[in-house]
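> sequence and computational prediction follow.
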Amino acid sequence: MDGPSSEERLNVKRRFLTRKELSRQTGLSLATLQRYKDDEKIPFFQPGGRGARVVFPLDAIEAARRLQFQARLNPQQNNAMARPVARIPGPQPRWSTKKLPEV
């Protein structure tokens, strides 16, 4: 019985990268990759469903590098603080509505 060689099995197995592997290959931090994943800017899979580990296809390397290059060209557009913040429903806390005494 001639089955696939160990090299062929390795190639089939390595079609996806973990976050750490993708971080090492692209030079992006884990937090940046998480933000790109959350914003759906790079492709990813969760084979075990929600809450399971996340893997990235090999073409995610190119997508991450393209985003990294764009961020260098337009640093103001890619500011993480520019993302809209969802307001939590309910009353405002007292400390945010109090006016400071004038000096």
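Arrived safely, thanks for sending.

> going forward, measure contacts between C-alpha atoms and count neighbours the same way
Noted.

> tell me which stretches of the chain form strands.
For the chain, the strands defined by DSSP state E occupy 16-17, 56-57.

> for those, give me TSV that also has mean neighbour count, distance to residue 44 and mean pLDDT.
TSV is the format used below for the strands of the chain (neighbours: other CA atoms under 10 Å; distance: least, CA to CA, whole Å; pLDDT from 0 to 100):
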stretch	mean neighbour count	distance to residue 44	mean pLDDT
strand 16-17	19	9	90
strand 56-57	18	4	92
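
> TSV for those, including distance to residue 102?
Listed next are the strands of the chain as TSV, based on distance: least, CA to CA, whole Å:
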stretch	distance to residue 102
strand 16-17	57
strand 56-57	55
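
> what is the neighbour count of the residue nearest to residue 63 when sequence neighbours are not counted?
By the measure of CA to CA, 6 or more residues apart in numbering, the closest residue to residue 63 outside its immediate chain neighbours is residue 42, 5.9 Å from it. When counting by other CA atoms under 10 Å, one arrives at 21 neighbours for residue 42.

> these two touch, right, residue 42 and residue 60?
Yes: applying CA atoms under 8 Å as the test, residue 42 and residue 60 come out as touching, 5.8 Å apart.

> please enumerate the helices of this protein.
Ranges of helices in the chain, per DSSP state H, are 6-13, 19-26, 30-38, 60-73, 94-97.

> what's the third one packed up against?
In this structure, helix 30-38 packs against helix 19-26, with contacts taken as 3 or more CA pairs under 8 Å, 6 or more residues apart in numbering; DSSP states H and E.

> return the helix it packs on as CSV; C-alpha atoms alone will do.
C-alpha atoms of helix 19-26 as CSV (Å, rounded to 0.1, in the frame of the first residue of the first chain):
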residue,chain,number,x,y,z
ARG,A,19,-2.0,33.2,15.5
LYS,A,20,1.5,32.9,16.8
GLU,A,21,2.8,31.5,13.6
LEU,A,22,1.1,34.2,11.6
SER,A,23,2.5,36.8,14.0
ARG,A,24,6.0,35.5,13.6
GLN,A,25,5.8,35.4,9.8
THR,A,26,4.2,38.9,9.3
